[in-house]
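build me a model:
(2 chains)
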Amino acid sequence: MILERRDLSTYFVLGFFGTVMLVPFLWMILSSFKSNSEIMATVQTLAPVQWTIENYQTLASKFNITGYFRNSLFVALTKTVLIAYVSTLCGYVFAKYKFRGREALFGLVIGTMMIPWPVTIIPLYDLMTKFGWIDSYLSLIVPGIFSSFGIFLMRQFISGVPSELIESARMDGASEYSISHRIVFPLCGNALSAIVIFHFLWSWDDFLWPYLMISTDSLQLLPVALKNFIGKYYTNYGALFASTTLSVIPVLVVYLFFQKRFIEGVAMSGIKG
Amino acid sequence: MSYTARPRPGRLRVNRGERTLRNTVVVSVLAFYAVFLVYPIIQAFIGSFHLWNPLKGQFHFIGWENYADALTEDLFWTSMTNNLVFTVSVVATRVGLALVIALAISRVKHLKSLFRTVYFLPVISSLIAVAFVWRLIYEPNVGLVNKTLALVGITGKNWLLDPDTALFAVVVMTVWKDLGYAVVLLLAGILNLSPEVFEAAAIDGASRGQVLRRITLPLLNPTVVFVVVTSLISYLQTFAQIFVMTNGGPGTKTYLTTYQIFNEAFVKYNFGSSSALSFLLFLVIMVLTWVQLRFSDAESRA
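Purely as a prediction, here's the structure:
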């Protein structure tokens, strides 16, 4: 390929910062295969001189990563599916139905997006205690089912679906249930993938709320469990590298498979309707 | 004119299924937002005027005292200053770098999707996990930064425990983590610009620099403003990386407002004063967002 000099500098900039993006991952993964003495040695190599899986063996006996992983996955998937479903129905009603108070209600949904989390966290904590939902996944899932971001995005998206399509389905005698589920839902692929990606990542990454809500270790989610584990084994660097590697890699692999959809979905959230 | 015989204007025929779905949605949205958002906001607001400690069972009205205490306390001003320094540094670096990278990716002919994928990797990695990795990167003895500096004969610092570098170190980690998201949004913005404008500029013989300054950047402004405003709002509420990497230290050098709120609420159980701090933060966020929107509005009209 023929490159002009200024193209070369463009590639250089992209390559340089791209390397900066990758190096922490490489270092983490490679270090997880080093023994602790090698990690602490004065002379360092990026790749292990002596590859070892002892860190992963330590982890297996001290850190129930599959359990925490399963918990996080369960909560994130349940929440994401519910949010996607609820957002589509609400978005459909807000976009295609005309009724008194619609704008005011939608204003309430949008207005609360501006509220910073510290404002509501104490009363919510209080509320969860009163409901008896502490140490139960109800406290992690239920308060998040209606997502302002999701409802907003779906309303914008469904507004673009031609009303004639819905009207003609009505003429043909389709029920509102089948219009919303069989016609609107399948048309929302892009917006839905944005909602699914964001809410999955947000739920997967949520730290403070599960930290406050869940106290039983076997119910704990991965980020909090990771924090607790690292607090306990702070000097065992090898185990730390192995535990962070195992928490990061599976999601990266999923991302690499679906990256096109991922990036399109994310890009969509920034385009104002 | 038979006025009453006509159906009322603006009122559509609503069938039963439609009414059921509409009512279900309206009622559940109202109920949900009332219980999980409106009630908590009101409760927090009322609580901010109370001496409120759930462990001691206290809930006494004390007027503006929580607000007065916060505003006269050094820690509030320290953490708010840190919060602003942190937010402005992250937003400026992130948006600036993302703009350079998005423009570069839009320009290259090869490896476009590879670059996009690479820059997006940190975005989808768990924040808690990468915050730990970065804590190790900054670790004075085994960390990547100091080991690399040692190769060229420089003795590194204890980055996260040095008062001069701790906040800056968290800024770098945060920019690294979130850069790709801004890149993808800006790249989408660039690809959405109409190609005709660029063709016209090319016909008129505009140089690459002129096209960038006079066409690309001004047209991209709405996307940039969107990224800046949403980043501003979210970084003013940063918490997890501080909790993992520095615990607010050394001293109070990396205390951010949310960290102070967390400490007041869930370490000391002063729910009242913590709520007052939250509303002060809310006020700052609203004012800054408003200023930002006004500023960009005036700019785009000029």
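
tell me how many other residues surround residue 72.
No chain was given, so I picked chain A. A:Ser72 has 24 neighbours, counted by other Cβ atoms under 10 Å in any protein chain shown. Just so you know, the C-beta spots here come from the backbone N, C-alpha and C atoms, and that holds for glycine as well.

nope, chain B please
For B:Thr72, the neighbour count with other Cβ under 10 Å is 9.

how near is it to chain A?
In this structure, B:Thr72 and chain A are 20 Å apart, going by Cβ to the nearest Cβ, to the nearest Å.

do the same with B:Phe271
Per Cβ to the nearest Cβ, B:Phe271 is found 5 Å from chain A.

residue contacts, that residue?
Residues counted as contacts of B:Phe271 (Cβ atoms under 8 Å, 6 or more residues apart in numbering or on different chains) are A:122, A:126, B:47, B:52-54, B:265.

tell me which element the spatially most central residue of chain A falls in.
Compute the mean C-alpha point of chain A, and by Cα atoms, centre = their mean the closest residue is A:Leu201, 0.6 Å away. For A:Leu201, the host element (DSSP states H and E) is helix A:189-205.

can you list the buried residues in that helix?
A:191-205 (16 or more other Cβ atoms under 10 Å in any protein chain shown).

on that earlier part again, ok, of the contacts of B:Phe271, which one's closest to B:Thr93?
B:Ala265 (30.4 Å; Cβ to Cβ).

quick check, the closest one in a strand?
No - when the secondary structure is assigned by DSSP: H, G, I helix; E, B strand; the rest coil, B:Ala265 falls in helix instead of a strand.

quick one: pLDDT of the closest residue to A:Pro116 other than its chain neighbours?
Computed as Cβ to Cβ, 6 or more residues apart in numbering or on different chains, the closest residue to A:Pro116 that is not its neighbour in sequence is B:Gln237, at 5.0 Å. What the model reports as pLDDT for B:Gln237 is 95.

name the SS class of B:Gln237, please.
B:Gln237 - assigned by three-state DSSP - is coil.

contacting residues around it?
A:116-118, B:258, B:281, B:285.

tell me where the stretch 51-200 of chain A has helices.
Counting by DSSP state H, counting those that start in this stretch, the segments of the stretch 51-200 of chain A that form helices are A:54-62, A:65-96, A:102-111, A:117-131, A:138-141, A:148-159, A:163-171, A:176-178, A:185-187, A:189-205.

nope, the stretch 1-150 of chain B is what I meant
Going by DSSP H, counting those that start in this stretch, the stretch 1-150 of chain B shows helices at B:16-33, B:39-47, B:65-72, B:74-107, B:112-120, B:127-137, B:144-151.

what's the most buried one of those?
Among those, ranked by average contacts under mean count of other Cβ atoms under 10 Å in any protein chain shown, first place goes to helix B:127-137 (a mean of 24).

check which helices and strands that one is in contact with.
Other helices and strands packing on helix B:127-137, by 3 or more Cβ pairs under 8 Å, 6 or more residues apart in numbering or on different chains; DSSP states H and E, are helix A:5-31, helix A:222-232, helix A:237-270, helix B:144-151, helix B:166-192, helix B:240-245.

count the residues that sit near A:Glu4.
8.

how far away is it from B:Arg107?
Noted for A:Glu4: a distance of 11 Å to B:Arg107, by Cβ to Cβ, to the nearest Å.

likewise for B:Phe282?
Separation of B:Phe282 from B:Arg107 (Cβ to Cβ): 41 Å.

one step back: which among the buried residues of helix A:189-205 are in contact with chain B?
Filtering the buried residues of helix A:189-205 for proximity to chain B by Cβ under 8 Å from any Cβ of the partner chain leaves A:201, A:204-205.

against A:Ser139, how distant is the residue nearest to A:Val142 when sequence neighbours are not counted?
Using Cβ to Cβ, 6+ apart and skipping residues adjacent in sequence, the residue nearest A:Val142 is A:Trp133, 7.5 Å away. Per Cβ to Cβ, A:Trp133 is found 4 Å from A:Ser139.

who touches both of these two?
With Cβ under 8 Å, 6+ apart, A:Trp133 and A:Ser139 have common neighbours A:Met213.

the more surrounded of the two?
Higher neighbour count among A:Trp133 and A:Ser139: A:Ser139, with 23 against 17, using other Cβ under 10 Å.

so where does the spatially most central residue of chain B fall, helix or strand?
Of all residues in chain B, the one closest to the mean position by Cα atoms, centre = their mean is B:Ser234, 1.9 Å from it. Element membership for B:Ser234, per DSSP H and E: helix B:217-235.
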